[in-house]
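Trainee: next input, structure requested:
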Amino acid sequence: MMIKILVIEDEVAVRANIAELLHEEEYQVITAENGFVGILWAQEHLPDLIICDMMMPALDGRDVLKALREDSITESIPFIFLTARADKSDIRVGMNLGADDYLTKPFSRQELLETVEARLQKHQSHERRYQKAHERAASLQQQVQELQQGQENKVKDLEQRLQGAAPKLSKAIKLLINIPPGVYRNSCLELLQDTFDEEIVAIKELPDFSELSADNDLDLLQELSLI
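Mentor: Numbers count the residues shown, from 1 in each chain. Coordinates of the predicted model:
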């Protein structure tokens with residue numbers, strides 16, 4: 001699938017030149033002649049990257065970026081500003097608004113393509129990291145569910161075992177009360193101790209959420225809204 005790039009530029013010659021250079025690199029290019037159309041095209045086509053002039057009439061690049069960052073559908077699309085100014089304060093404003101990079105006019109073919117490629121690679125790397133984190137979170141969620149189910153089963157099993165052990169314990173205690181010290185009483189004591197030991201072992205075998213290990217695993221689940 002071809003990578004889609006949206007170019008928002010009010011100057012016809014500049015817009016056509018950028019589109020041509022990107023077409024030569026086999027990018028799918030969508031163009032918009034002003035900020036209003038640019039926002040519409042971004043929402044409709046969901047490009048992989050947006051190149052936008054900062055200074056445009058009516059709706060400038062900063063307004064475009066602000067609108068896109070406030071829309072959950074377009075907020076994560078990489079955004080490159082085009083500016084005729086080399087004023088650092090002007091560039092800083094754009095970056096603070098959420099731009100990913102900028103190009104100062106006039107720029108060379110190499111500068112354009114290198115900037116585009118760098119932004120695309122960084123975004124793809126971020127997407128891969130997010131996907132891995134999401135897969136990890138899904139795996140942890142499955143572990144939580146399995147642990148919960150295992151805990152419920154263990155509790156039910158323990159309840160049944162204790163119900164079965166109660167009569168034995170009661171009988172052994174009654175016998176001990178009436179039996180004088182001796183070999184038979186010692187045998188009853190051993191039976192009583194063995195029964196207690198078995199139930200203590202069963203209780204200790206109950207699963208614990210600490211088996212999920214690191215706190216950051218649980219933080220990951222919460223961050224991705226899976227718990």
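
Trainee: who are the contact partners of residue 19?
Mentor: Applying CB atoms under 8 Å, 6 or more residues apart in numbering to residue 19 gives the contacts 7, 29, 31. No exception for glycine: its C-beta is placed from N, CA and C like everyone else's.

Trainee: what about residue 90, distance to residue 44?
Mentor: Computed as CB to CB, to the nearest Å, the residue 90 to residue 44 distance reads 30 Å.

Trainee: looking at these two, which one has more neighbours?
Mentor: A count of neighbours by other CB atoms under 10 Å puts residue 90 above the other of residue 90 and residue 44, at 16 against 11.

Trainee: distance check, the more buried one against residue 60.
Mentor: 11 Å.

Trainee: overlap of the contact sets of these two?
Mentor: Residues touching both residue 90 and residue 60 (CB under 8 Å, 6+ apart) are residue 54.

Trainee: tell me how many other residues crowd residue 192.
Mentor: Neighbours of residue 192 under the rule other CB under 10 Å: 17.

Trainee: ok, now residue 63?
Mentor: Applying other CB under 10 Å, we find 15 residues neighbouring residue 63.

Trainee: show me the contacts for the nearest residue to it once chain neighbours are set aside.
Mentor: Spatial nearest neighbour of residue 63, excluding adjacent residues (CB to CB, 6 or more residues apart in numbering): residue 35 at 6.0 Å. Taking CB under 8 Å, 6+ apart, we find residue 35 in contact with 8, 52, 56, 58, 59, 60, 61, 63, 64.

Trainee: show me those that map onto helices.
Mentor: Mapping those onto helices (DSSP state H) picks out 61, 63, 64.

Trainee: tell me the contacts of the first one?
Mentor: For residue 61, the contacting residues are 8, 35, 52, 53, 54, 55, 81, 82, 83, 94, taking CB under 8 Å, 6+ apart as the criterion.

Trainee: dump the residues you listed to JSON lines, plus pLDDT and distance to residue 22.
Mentor: Converted to JSON lines, the contacts of residue 61 look like this (pLDDT from 0 to 100; distance: CB to CB, whole Å):
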{"residue": "8", "pLDDT": "98", "distance to residue 22": "13"}
{"residue": "35", "pLDDT": "96", "distance to residue 22": "20"}
{"residue": "52", "pLDDT": "96", "distance to residue 22": "14"}
{"residue": "53", "pLDDT": "94", "distance to residue 22": "15"}
{"residue": "54", "pLDDT": "90", "distance to residue 22": "19"}
{"residue": "55", "pLDDT": "88", "distance to residue 22": "21"}
{"residue": "81", "pLDDT": "93", "distance to residue 22": "16"}
{"residue": "82", "pLDDT": "92", "distance to residue 22": "13"}
{"residue": "83", "pLDDT": "87", "distance to residue 22": "19"}
{"residue": "94", "pLDDT": "77", "distance to residue 22": "21"}
